[in-house]
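1. here is my input, please return the structure:
(4 chains)
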Number of protein chains: 4
Amino acid sequence: MKGVLETRELHSPALESNPLGDPSRRALRVYLPPGYSAGDQRYPTVYFLHAFSNSGATWTNVSAFGLSALDRLDALIEAGTIPPVIGVFPDGWTSLGGSQWINSDAIGRYRDYVAKDVVGFVDRTYRTLPKALSRAVVGHSSGGYGAMVMGRYHPELFSHLGSHSGDAYFEYCYMPDLPKAAGALLKAGGVEAWYQDFKRRSRETKPRGDDFTVINILAMAAAYSPKKGEPLGVELPFDLNTARLKLDVWNRWLVHDPVRFVPKFLDAFRKQKSVFIDCGTRDEFNLRWGARMLADELKASGTELCHEEFEDSHSGVTYRFERSLGFLVPRMARE
Amino acid sequence: MKGVLETRELHSPALESNPLGDPSRRALRVYLPPGYSAGDQRYPTVYFLHAFSNSGATWTNVSAFGLSALDRLDALIEAGTIPPVIGVFPDGWTSLGGSQWINSDAIGRYRDYVAKDVVGFVDRTYRTLPKALSRAVVGHSSGGYGAMVMGRYHPELFSHLGSHSGDAYFEYCYMPDLPKAAGALLKAGGVEAWYQDFKRRSRETKPRGDDFTVINILAMAAAYSPKKGEPLGVELPFDLNTARLKLDVWNRWLVHDPVRFVPKFLDAFRKQKSVFIDCGTRDEFNLRWGARMLADELKASGTELCHEEFEDSHSGVTYRFERSLGFLVPRMARE
Amino acid sequence: MKGVLETRELHSPALESNPLGDPSRRALRVYLPPGYSAGDQRYPTVYFLHAFSNSGATWTNVSAFGLSALDRLDALIEAGTIPPVIGVFPDGWTSLGGSQWINSDAIGRYRDYVAKDVVGFVDRTYRTLPKALSRAVVGHSSGGYGAMVMGRYHPELFSHLGSHSGDAYFEYCYMPDLPKAAGALLKAGGVEAWYQDFKRRSRETKPRGDDFTVINILAMAAAYSPKKGEPLGVELPFDLNTARLKLDVWNRWLVHDPVRFVPKFLDAFRKQKSVFIDCGTRDEFNLRWGARMLADELKASGTELCHEEFEDSHSGVTYRFERSLGFLVPRMARE
Amino acid sequence: MKGVLETRELHSPALESNPLGDPSRRALRVYLPPGYSAGDQRYPTVYFLHAFSNSGATWTNVSAFGLSALDRLDALIEAGTIPPVIGVFPDGWTSLGGSQWINSDAIGRYRDYVAKDVVGFVDRTYRTLPKALSRAVVGHSSGGYGAMVMGRYHPELFSHLGSHSGDAYFEYCYMPDLPKAAGALLKAGGVEAWYQDFKRRSRETKPRGDDFTVINILAMAAAYSPKKGEPLGVELPFDLNTARLKLDVWNRWLVHDPVRFVPKFLDAFRKQKSVFIDCGTRDEFNLRWGARMLADELKASGTELCHEEFEDSHSGVTYRFERSLGFLVPRMARE
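-> Now for the predicted structure:
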């Protein structure tokens, strides 16, 4: 690595007393480009939102033969393919595996955590260009979803969005997993019983094959349809006995579907200077289609948009950050 | 085999000039129980409706080590587990792989074919007990769906229904396949191009891995949302470019969902003397849940119902006919 | 079908008192080409040897959208692509799923059954050209293996061989399955216990996922390393506790490997007029490599050879018979 | 974490001028138990050898919901389940993905690197008990293999071995992958062409589905059958055109099979104070059987042995280190 990766710790007021009891002190990984320490230049900043079941620490995982997103960011800058930027890698891990980077009564205020606490800390601590035109937010999967969330709520903070294989069109990305989750919950004897057993086996051995599907649906319910007094504080969008959809709950989910909220908040998205959206043609969560719908909506908004498809599946596509950074970073204001 | 299997041919007025140009002369396989030829007794009759992509001839396929439904019917009677019945195996093959055993403008009048032509032929030709109380209709998958169709439209013909892993709750059994079908159609360049290529490769070599999903969705559209002038005479429930659901078309599908039509035609289903419903807990089409919903509705109707779940997947479950026949046949009127 | 398929029954002296107690009366399916009944012409004859776990009846199984080998034979003749032949489909089913078409003390004398009883019956019953130059033997998988067996032992009967994805190079086609079989046998508590439970569940429900692997290895042991007094009359090539190879037993297997016996019996194979060998590049049993080795050996023998590879896996490749028939049949003597 | 993880850097004379040009300066992760910094106690030391395609850095990868080996080591000590030890995590990454922790002319002297350079550095740098009775070496997969290598060559350094799912009985763990590797190499046009393309796609996007199998076989050839002047400096144990085994090369592999070398070096293994061996019953590399054979041999040696099987597959079994550490660490000399 030619740049430097620092790990700092910040306290997040937004996460204080979060309902899951997850920490409000969080590690923050920050990438400083080559030359940062030697000069006094200010830099644009790219915020990287991680995927569900990942954390801030996942960005530094190494893998067989492949390069991480961090490696690629560093190499792009080193090679001069993109101008230097600061990279910020907030930790959004929760006991349920994630937060969709929104404010939820069942998980916590992770949108505020990023938009207020992390951005504030970074601008106070590093030589950033502290304005929307010089900030991008990018991510993959739930992180790509999070980028759209920031576009909706915080155009005053971010003028550049990159969404890789982001959750969208919930009929295709979540609904096929509802009956699978229902089967596991029925077998376990309900949400609480399943969750306790899941925690136990994750600790004693490891999660089982279908656990990811179930915890993902539970976490989405915690994000989109929290309900006080229910197990885990969530209301599921289906009946536990027959798996029949509860349309009132499902409609609470749809409010959070980018395919639905982008058209409603088009004024916010019009403020974006550049938006990058992509998805693999073999994405197992069918996110290709939501990406196409979003691209159609955003084209209508007049935003400068890059929409790409590529021949791959959902996972292991960190190499795609080269495309989003290659498109967004040159469009970020550098002074 | 202790009984005898005859193959007859019948002409079906209902299938004349069907839109796919499929034959209106059809082979009819009929199982006559041991003792049939020697006596003059009349027998109850069980109609077996085959699954999608099967045909009347599929019932006599042999497989490694396992027993066919026909073998099992014969063995049950031979062993005295159930009293002797005539078994009827109509051929519902179509160029699209099936018909859902309904009358459709894009496929043909396969419900009429069974209810009028086949039943009429059988009652004219064999020593049946020609009344509803002595007729059962059973099937697996689309054949199980077909049994529910007969229950809806023809309580005057059938008083006993058996539905194994039958299509139900379309949000779970079909919707997950819509984005997959959309991907294949997009790649092929549309419905007509895909279909021609599918026919070509089936003839020259064999269908590909995802072909079944696509032809299944096309056939369901032909059954549930036919539209004159469109390729294959069908209207798809999604946009070909973004795969976005077309709710008006999707709602045409839902009209045919047993979970929807059973409650609306509860008077018809109340006339049933016995109904058997089952599904595997690992059914890949999530049919377990539709079966549970149907069981709830039918319980409300007061019908004598047997609802079972078993540890298996969707395919290769012909052994389950032992359960439906064991429940239904003893309840059929024998005089 | 333009030709006619007859089902006859023959008694096989070779199969009398076979050790598994399987029937010595067998159905024999015979395809007679268009024009057979009207004329007095004599025809070359192609013998089709079926695969492991199949039977004579499997040839007439119908499948979704695809064509069977029988359909393809009929269509090739009808279209004039190949001249008319008689097709013979012997039934080699055994309680263990097959015989490799050899004479084995644990299974029976299935090579003799074909070479003596079936060929004799066919030549007595039909207007064949009763000589080697007018006889071909073809098959897929264990049937392709069987064709090589006939080439080794019966060049006086067959001058044309077609082996599709035939068993060869046992290190690659069988050895990877030995540890898998060992695991299942260990779990079940031995060969006899496994076999009884396998029979029971096949009858009551259906074989399990890994059953095919186990029964295949047991059947191969019955073919290649029979041993009186052992369970099922077989000696396994591995220790039941550690799965360590027993080289003396394994060497008994290798004697039956075409890659080994073809070079030793090259004089027999030199008598062949034409040999067709193919295999898919994605064959799960790695048979591609054995096919390559055999092709090398046979090229050295001077036989007229066609060796092909194609992009497909092991199963569902009946369309390949078009290639073997297209090569072999025009080379068969027609008078 | 209650203990402390340090990352140090050491220069390895053994790795200088290694044939792959991989670095001879290596990061070394060292776990110091709670209380280390406050006292002057000396501790036993456990060396952890990583698996193929991993590196020293992989030990600190975080994963969804599960615990790493490092977390588990820390928790065991914190809970008092095992007495405190120093943990050492050498980096054995190579351009080919690993080294089997042996000295190879095609990869480098990774056994010497561990046995001389790492052990020397650790004993110089930390308050270890610098003797065999207080050293254990454990690992998973190729790391478990590496533990057996240390047992063979360095009983003067290590008296405690732990091998989880270690490579053994090469007929079952490697041979099934030879034809698969052969297919990929044939398609690519040879070893060098495949390797260059593999490197390119790993850098540009990511490895493909079957790449792991191929690079694994190439790396094993580099470890077991190096040959100067050949592509990558390796001799493959099969012909590139037919995949036929080259027995002379294969025999070079077998020399390195623990099932073969443990009986030959039984005197060395007799010096072990405790040996732990396990494997999952569903191990995809069939390592269960090699483990059984090794357990039989070691039982014969009189070593104190714990041999376990567990219901799981090859990967994601870091939780098993709780079993090996629980068995070995209490048996290590603490003074």
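2. which parts of the stretch 1-150 of chain A sit against chain D?
-> For the stretch 1-150 of chain A, the residues in contact with chain D (CB under 8 Å from any CB of the partner chain) are A:53-55, A:57-58, A:61-62, A:64-67, A:97. The way it works is simple: take the backbone N, C-alpha and C, and place the C-beta from them, glycine included.
3. tell me the secondary structure for A:A291?
-> For A:A291, the assignment made with DSSP: H, G, I helix; E, B strand; the rest coil gives helix.
4. nearest residue to it in space, please, no chain neighbours.
-> Nearest non-adjacent residue to A:A291, counting by CB to CB, 6 or more residues apart in numbering or on different chains: A:C279, 4.0 Å away.
5. put the alpha carbons of the helix or strand in which that neighbour is found into PDB.
-> For A:C279, the enclosing helix or strand under DSSP states H and E is strand A:274-280. The C-alpha trace of strand A:274-280 is given here as PDB (Å, rounded to 0.1, in the frame of the first residue of the first chain):
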ATOM      1  CA  SER A 274     -22.800  12.200 -10.600                       C
ATOM      2  CA  VAL A 275     -24.400   8.800  -9.900                       C
ATOM      3  CA  PHE A 276     -22.900   5.400 -10.600                       C
ATOM      4  CA  ILE A 277     -25.100   2.300 -10.600                       C
ATOM      5  CA  ASP A 278     -24.300  -1.200 -11.600                       C
ATOM      6  CA  CYS A 279     -25.300  -4.800 -11.000                       C
ATOM      7  CA  GLY A 280     -24.200  -8.200 -12.200                       C
END
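6. for it, which strands pair with it and how are they oriented?
-> strand A:160-164 (parallel), strand A:305-310 (parallel) (DSSP bridges).
7. A:H307 - how many residues pack around it?
-> A:H307: 16 surrounding residues under other CB atoms under 10 Å in any protein chain shown.
8. so what sits opposite it in the bridge?
-> When bridges are called by DSSP bridges, A:H307 pairs up with A:I277.
9. could you look up the SS state of A:S313?
-> Assigned by three-state DSSP, the conformation of A:S313 is coil.
10. ok, it touching A:E284?
-> Yes. Taking contacts as CB atoms under 8 Å, A:S313 lies within contact range of A:E284: 5.9 Å.
11. list the contacts of A:G189.
-> Contact criterion CB atoms under 8 Å, 6 or more residues apart in numbering or on different chains gives no residues in contact with A:G189.
12. tell me where chain A has helices.
-> A:69-78, A:110-112, A:119-125, A:142-153, A:170-173, A:178-188, A:191-204, A:211-224, A:247-254, A:258-264, A:266-270, A:287-301, A:321-328 (DSSP state H).
13. mean confidence (pLDDT) on the first one, please.
-> Regarding helix A:69-78, the rounded mean pLDDT is 97.
14. elements contacting that helix?
-> Other elements packing on helix A:69-78 under the criterion 3 or more CB pairs under 8 Å, 6 or more residues apart in numbering or on different chains; DSSP states H and E are strand A:25-32, strand A:86-89, helix A:321-328.
15. how far does that helix sit from the chain's center?
-> Taking the mean of its C-alpha atoms, helix A:69-78 sits 20 Å from the chain's own mean (CA atoms, centre = their mean, to the nearest Å).
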